[in-house]
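>>> Build me a structure from this.
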Amino acid sequence: MKTLYHCCTILALAFTCLQTVSAKALPFEPKDTVIINFGNNSKIMIFVKDKEDFESLQSFDINAMLRDLSITLDSTTEDYQVLKIEDSTGTRYLQDTTVTLNDDGPETKDERSYQSWVIVEDSLDDVTINIGRFRIKVKEREKTSVAIEKETTPRRTRHSFNIDLGMNNYLTDGGKFPDENDELYAVKPFGSWYVALSSLRKTNVGGPLILEWGGNINWYNFKFENETVRAVKEDGQLLFYEQEDVSGIKSKLTASYINLSFVPVLDFSSKGNASEHGSSYTGKGFRFGLGGYGGYRIGSKAKYVYKDGGREKDKDRDNFYLNNWRYGVRMQVGYRGLDLFVNYDLNDLFITNRGPQLNAFSFGITI
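Numbers count the residues shown, from 1 in each chain. A predicted model of the protein is given here:
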């Protein structure tokens, strides 16, 4: 009874999918259709492009295809069966050609040449029908209910677009924050925002190891603790001073960079056989990555907001002796839907002997 149930389910699904699959998914756009009705509610549909293709159909042994279907469904000696219903060349079912398949031994060169378009996989508990790059699973559940899923084959390299949101600051040469020494260039932790827009590729290497690589553009916003502080270039030096004749509201220095990054990640949320089909990732597991990045400065400016009789705003676009290059290390940790990151620049923020010796860093969440 179970074999008959599988047989009916597979035939019904296969014929339904073949009817509903779009013309784009077919090898050609059909011009005519031949429908063969049998039984009570079953049918076989043959799509024909032209008269020549219809005549070539006579060289195929339809009975051989049906025998293969019957053998696979009736077999109970194996827990797992694979049936190639159709192949792109048709060699398997030509009437004047005999092809021997060895079910116990390794696949031969001739067998590997068959590029199946429709494949039925039959196990004890479920049936999977692959149609091109689509997969439909039929699972037996309690009370003979059936669940149907459509999947695509996981790819080894996937693309994602990420946004890093967080805060940034910098440390002195001694590893201290500038506000510990009341330096004028000390920044407010809250208000010094870090933003990065990333286009990444995630390539599965094997097991839980994947490589995240790609590019991004990021913005450093250093909002000074003292609202009256201004940064000016004078005599080859970057100087910070207080403008005491006005009432300061906000003062900040902004720098933007375009970067490349490369981060190996151990992602334990993977499933599937990565060596054969790539891995899909559920996102419901622990992730840890440690890698590096490098970038080039594409812009910088200073912004001052103050009161001088009324609200005033000054913008000064300059390099402010900022280093053109930026490089450092990145650590990221994730669990389920939450990802955290920390970036630390190994090179100085400003050119040596032109400004204070500072190393910028940022931290926050990735969405």
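>>> how many other residues sit next to Lys284?
11 (other CB atoms under 10 Å). The C-beta positions use only the backbone N, C-alpha and C, and glycine is treated the same way.
>>> That one belongs to a strand, doesn't it?
No. Lys284 is assigned coil when assessed by DSSP: H, G, I helix; E, B strand; the rest coil, not a strand.
>>> who touches it in this structure?
Shown in contact with Lys284 (CB atoms under 8 Å, 6 or more residues apart in numbering): 269, 336.
>>> any idea how far Leu338 is from it?
Lys284 sits 11 Å away from Leu338, going by CB to CB, to the nearest Å.
>>> Could you do Arg156 as well?
26 Å.
>>> quick one: low-confidence ranges for the stretch 101-250 of the chain?
Where the stretch 101-250 of the chain drops to pLDDT under 70, the residues are 101-154.
>>> residue ranges for the helices of it, please.
Along the stretch 101-250 of the chain, the segments classed as helices by DSSP state H, counting those that start in this stretch run 109-112.
>>> cool, and the stretch 251-367 of the chain?
So, for the stretch 251-367 of the chain - with DSSP H, counting those that start in this stretch - the helices run 274-277.
>>> ok, what's across the strand from His159?
Arg201 (DSSP bridges).
>>> Please disregard the earlier target; I meant Tyr296.
Ile258, Trp325.
>>> Tell me how far it lies from Lys307.
According to CB to CB, Tyr296 stands 37 Å off from Lys307.
>>> same deal with Asn323?
34 Å.
>>> The two: who's more crowded?
Of the pair Asn323 and Lys307, Asn323 is the one with more neighbours under other CB under 10 Å, namely 21 against 11.
>>> Do I have it right that the more buried one meets Leu349?
Yes. Applying CB atoms under 8 Å as the test, Asn323 and Leu349 come out as touching, 6.4 Å apart.
>>> Just give the number of residues close to Thr157.
Counted with other CB under 10 Å, Thr157 comes out at 12.
>>> Surely it and Ile210 touch.
No. Contact criterion CB under 8 Å: Thr157 and Ile210 do not qualify, at 9.4 Å.
>>> any residues in contact with both of these two?
Joint contacts of Thr157 and Ile210 (CB under 8 Å, 6+ apart) are 202-204.
>>> that's a helix at Ser56, yeah?
Yes. Ser56 forms part of a helix when assessed by three-state DSSP.
>>> how close does it sit to Arg287?
Distance from Ser56 to Arg287, by CB to CB: 53 Å.
>>> neighbour count winner among those two?
Taking other CB under 10 Å, Ser56 and Arg287 do not tie; Arg287 has more neighbours (22 against 11).
>>> quick one: pLDDT of that one?
Looking at Arg287, its pLDDT is 93.
>>> Dig out what the residue lying closest to it once chain neighbours are set aside forms beta bridges with.
Spatial nearest neighbour of Arg287, chain neighbours left out: Gly334 (3.9 Å); criterion: CB to CB, 6 or more residues apart in numbering. Counting by DSSP bridges, Gly334 forms beta bridges with Arg287, Asp339.
>>> is it true that Gly334 touches Leu266?
No. Using CB under 8 Å, Gly334 is not in contact with Leu266; the gap is 10.5 Å.
>>> got any residues that touch both of the two?
Joint contacts of Gly334 and Leu266 (CB under 8 Å, 6+ apart) are 287-288.
>>> the more surrounded of those two?
Gly334 (20 against 14).
>>> Tell me how far that one lies from Leu209.
Distance from Gly334 to Leu209, by CB to CB: 15 Å.
>>> how many other residues sit next to Asn259?
With other CB under 10 Å as criterion, Asn259 counts 20.
>>> and if you look at the one 5 residues further on?
Using other CB under 10 Å as the criterion, Pro264 is surrounded by 14 other residues.
>>> If it is in a bridge, with which residues?
The partner list for Pro264 in beta bridges (DSSP bridges) reads Leu211.
>>> Relative to Phe286, how far out is it?
When Pro264 is compared with Phe286 (using CB to CB), they lie 15 Å apart.
>>> residues contacting the residue nearest to Arg287?
Residues in contact with Gly334 (CB under 8 Å, 6+ apart) are 286-288, 340, 366.
>>> Would you mind measuring from it to Tyr170?
Gly334 sits 26 Å away from Tyr170, going by CB to CB.
>>> And Glu312, by the same measure?
28 Å.
>>> More neighbours: which of these two?
Tyr170 (23 against 12).
>>> That one and Gln357 touch, don't they?
No. Between Tyr170 and Gln357 no contact is recorded; they are 9.7 Å apart, counting by CB under 8 Å.
>>> Tell me, how many residues neighbour Gly309?
6.
>>> Now it: phi and psi?
Main-chain dihedrals, Gly309, degrees, to the nearest 10: phi 90, psi -40.
>>> Might you report the residue contacts of it?
By CB under 8 Å, 6+ apart, Gly309 has no neighbours at all.
>>> so Leu260 sits right up against Gly214, yeah?
Yes. Proximity of Leu260 to Gly214 meets the contact threshold set by CB under 8 Å, at 7.5 Å.
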